[in-house]
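Trainee: Provide a 3D model corresponding to the input given below.
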Amino acid sequence: MTRKVSQEKSPLLRKRARELRRNPTDAERLLWRHLRDRRLEGFKFRRQVVIGRYIADFVCLEAKLIVEADGGQHQAQSQADARRTAELESQGFRVLRFWNHQILQETEAVLEVIRLALVAPSPRPSPPEGERG
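Mentor: Residues are numbered from 1 along each chain as shown. Model (predicted):
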């Protein structure tokens, strides 16, 4: 039986997030080296953060940006990842996904995509007809 985790931070999710922080993949370790301590455009990132019923690999709350490092297991769960992304986007986050091999082999290109997402304004819906100036 599947049980839905409430919006409160589940003790199980918090424990799992701690485990993930203690045992990062090589790609996560490399990316964290570039994101930590406000090293990318001065934005603060946190890693393995519980957001709703998910754990985001890296999140910048100020920019509402989530960065996911996906390993091979994600090829088999693309529908689940799409649902997860849609749910996080419905909460106002932008989600960037990179394959681990991209992070390891094309680090500078990955960092540039993240940098551009940080400095680009978030897309906003058009104002209602009566509010346009």
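
Trainee: From now on I want contacts and neighbour counts done on CA atoms only, so please keep to that.
Mentor: Noted.

Trainee: Stretch 25-42: end-to-end distance?
Mentor: End-to-end distance for stretch 25-42, by C-alpha to C-alpha, to the nearest Å: 24 Å.

Trainee: May I ask which helix or strand of this structure has the lowest mean pLDDT?
Mentor: Ranked by mean pLDDT, DSSP states H and E, the weakest helix or strand in the chain is helix 78-90, scoring a mean of 91.

Trainee: what mean pLDDT would you report for the strand or helix carrying residue 35?
Mentor: Following DSSP states H and E, one finds residue 35 within helix 26-35. Mean pLDDT, computed over helix 26-35, is 98.

Trainee: In contact with residue 104: list those residues for me.
Mentor: 26-27, 30 (C-alpha atoms under 8 Å, 6 or more residues apart in numbering).

Trainee: what residues are up against the residue nearest to the spatial centre of the chain?
Mentor: Centroid check for the chain by C-alpha atoms, centre = their mean gives residue 66 as the closest residue, at 2.3 Å. Each residue near residue 66 by C-alpha under 8 Å, 6+ apart is listed here: 56-60, 93-96.

Trainee: Is it within a helix or a strand, and which one?
Mentor: strand 65-70.

Trainee: What pairs with that strand, parallel or antiparallel?
Mentor: strand 54-60 (antiparallel), strand 94-99 (parallel) (DSSP bridges).

Trainee: Report the rounded mean pLDDT for it.
Mentor: Here the average pLDDT along strand 65-70 is 96.

Trainee: Extract the CA atoms of that strand and return them as PDB.
Mentor: Only the C-alpha atoms of strand 65-70 are listed here, as PDB (Å, rounded to 0.1, in the frame of the first residue of the first chain):
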ATOM      1  CA  LEU A  65      15.500  26.700  -8.800                       C
ATOM      2  CA  ILE A  66      16.000  23.000  -8.300                       C
ATOM      3  CA  VAL A  67      18.900  21.200  -9.900                       C
ATOM      4  CA  GLU A  68      18.600  17.400 -10.200                       C
ATOM      5  CA  ALA A  69      21.600  15.000 -10.900                       C
ATOM      6  CA  ASP A  70      20.100  12.000 -12.600                       C
END
